[in-house]
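Participant: any chance you could fold what I've pasted below:
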Amino acid sequence: MILIADSGSTKTHWCLMANNGENNEFFTDGINPFFQTSDAMQNSVSNQLLPQMGHLMWVGPVTNVFFYGAGCTPEKIPFVTRALQAVFKKAQVEVNSDMLGAARALLGNNPGVACILGTGSNSCQYDGEKFLKNVPALGFILGDEGSGAVLGKRLVADLLKNQLSDELKEKFLTQYNTSQADIVENVYRKPFPNRFLAKLSKFAAENISNPLIYDLVYDHFRQFVTRNLKQYPAELPVGFVGSIAYYYKDVLEKVLNDNGIQLANILQDPIPGLINYHKKNLIPT
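Facilitator: Have a look, this model is predicted:
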């Protein structure tokens with residue numbers, strides 16, 4: 001059996017591909033080697049994934065693991081590999097960045113630009129096999145334009161600094177049963193502030209018909225285009241994967257059209273594309 005994983009900072013989406021062609025999907029917390037040790041990642045897989053897979057293990061052992069994850073830089077890949085090998089002792093484990101996973105899911109073996117717009121953001125130029133260029137993401141403090149975390153950061157900052165209407169501010173604080181003090185506590189003192197801010201960004205989707213919110217979201221994606229996409233060859237099609245790209249696709253498409261960028265496709269989740277890719281390219285015959 002082959003196990004495929006796409007992991008962001010918030011959640012990990014797993015797909016177990018059996019030899020009979022049956023696919024079973026599972027979800028666990030996000031796995032990110034920038035925030036977790038090998039032991040913590042191993043415990044996450046053992047305690048959250050294995051209990052969900054237990055009833056399927058009679059089919060046969062996992063022979064291959066293909067893991068695509070946020071934070072899986074060349075320096076961090078060995079830590080994730082070690083954690084997965086400790087759980088799946090008889091499997092061949094291949095760990096790659098979530099960016100390569102997005103490129104394979106969106107573009108298959110074709111050239112283009114692949115983008116991730118989820119809790120974080122990233123992009124790359126892809127030749128159908130490997131990266132040719134990557135504008136560094138830099139995380140939600142220095143970069144991550146287009147991401148849920150940065151959208152949430154800007155939304156909350158604008159609300160608390162009275163850059164949006166009093167009505168929107170009151171609606172936000174009431175809906176989330178929160179206060180300025182609570183928000184500051186979660187952002188500056190608690191773990192995973194990027195996850196917290198990304199969750200708050202949902203308020204923008206729910207109120208996108210408000211012109212103030214629409215303009216904020218439009219400018220959010222314009223920043224992504226200006227600071228990232230315009231550094232790639234203009235003739236290449238651009239694909240997007242991730243919840244932010246999917247749920248704000250109308251605004252995103254408008255920004256791309258206004259900037260003369262050819263859209264390839266928008267996927268909410270890379271797993272279906274990765275299943276197709278691995279069936280075509282990597283499953284042993």
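
Participant: residues of the helix or strand hosting residue 275 that come out buried?
Facilitator: Using DSSP states H and E, the secondary-structure element containing residue 275 is helix 271-281. Under the neighbour-count criterion of 16 or more other CB atoms under 10 Å, helix 271-281 has 271, 273-275, 277-278 buried. For the C-beta atoms, the positions are set from N, CA and C on the backbone; glycine is no exception.

Participant: before we move on, what about stretch 123-140?
Facilitator: Buried residues in stretch 123-140 (16+ other CB under 10 Å): 123-126, 134-135, 137, 139-140.

Participant: ok, so of these, who is nearest residue 38?
Facilitator: Minimum distance to residue 38 across the buried residues of stretch 123-140 is 21.2 Å, recorded for residue 139 (CB to CB).

Participant: what element comes up after the helix or strand of the chain with the lowest mean pLDDT heading to the C-terminus?
Facilitator: Every helix and strand in the chain was compared by mean pLDDT, DSSP states H and E; the lowest is helix 139-142, with a mean of 85. The helix or strand immediately downstream of helix 139-142 is helix 148-160, counting by DSSP H and E.

Participant: doesn't residue 96 fall inside a helix?
Facilitator: No. Secondary structure assignment (DSSP: H, G, I helix; E, B strand; the rest coil) places residue 96 in strand, not in a helix.

Participant: so it is in contact with residue 70, correct?
Facilitator: No. In this structure residue 96 lies outside contact range of residue 70 using CB atoms under 8 Å: 11.4 Å.

Participant: more neighbours: which of those two?
Facilitator: Taking neighbours as other CB atoms under 10 Å, residue 96 and residue 70 compare with residue 70 leading, 28 against 16.

Participant: and that one, what's its pLDDT?
Facilitator: The pLDDT attached to residue 70 in the predicted structure is 83.

Participant: repeat for residue 60
Facilitator: For residue 60, pLDDT reads 71.

Participant: surely it meets residue 1?
Facilitator: Yes. Contact criterion CB under 8 Å: residue 60 and residue 1 qualify, at 5.5 Å.

Participant: what ranges in this structure fall below the confidence cut-off?
Facilitator: Applying pLDDT under 70 to the chain flags the ranges 9, 55-59, 282-285.

Participant: can you pull out the strands in it?
Facilitator: 2-7, 11-17, 23-29, 64-69, 92-97, 112-117, 121-126, 131-133, 238-241, 263-267 (DSSP state E).

Participant: CSV for those strands, including distance to residue 175?
Facilitator: Shown next, in CSV, are the strands of the chain (distance: least, CB to CB, whole Å):
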stretch, distance to residue 175
strand 2-7, 29
strand 11-17, 23
strand 23-29, 25
strand 64-69, 32
strand 92-97, 35
strand 112-117, 23
strand 121-126, 25
strand 131-133, 40
strand 238-241, 28
strand 263-267, 27
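
Participant: closest one to residue 213 among these?
Facilitator: strand 112-117 (17.3 Å).

Participant: now do the shared contacts for residue 60 and residue 1.
Facilitator: Counting by CB atoms under 8 Å, 6 or more residues apart in numbering, the common neighbours of residue 60 and residue 1 are 18-19.

Participant: more neighbours: which of these two?
Facilitator: residue 1 (20 against 11).

Participant: now residue 235, nearest residue through space, not along the chain?
Facilitator: residue 262 (7.7 Å; CB to CB, 6 or more residues apart in numbering).

Participant: now do the phi/psi pair for that neighbour.
Facilitator: Phi and psi for residue 262, reported as degrees, to the nearest 10, are phi -80, psi 120.

Participant: looking at it, it is touching residue 238, isn't it?
Facilitator: Yes. Counting by CB under 8 Å, residue 238 is a contact partner of residue 262 at 6.6 Å.
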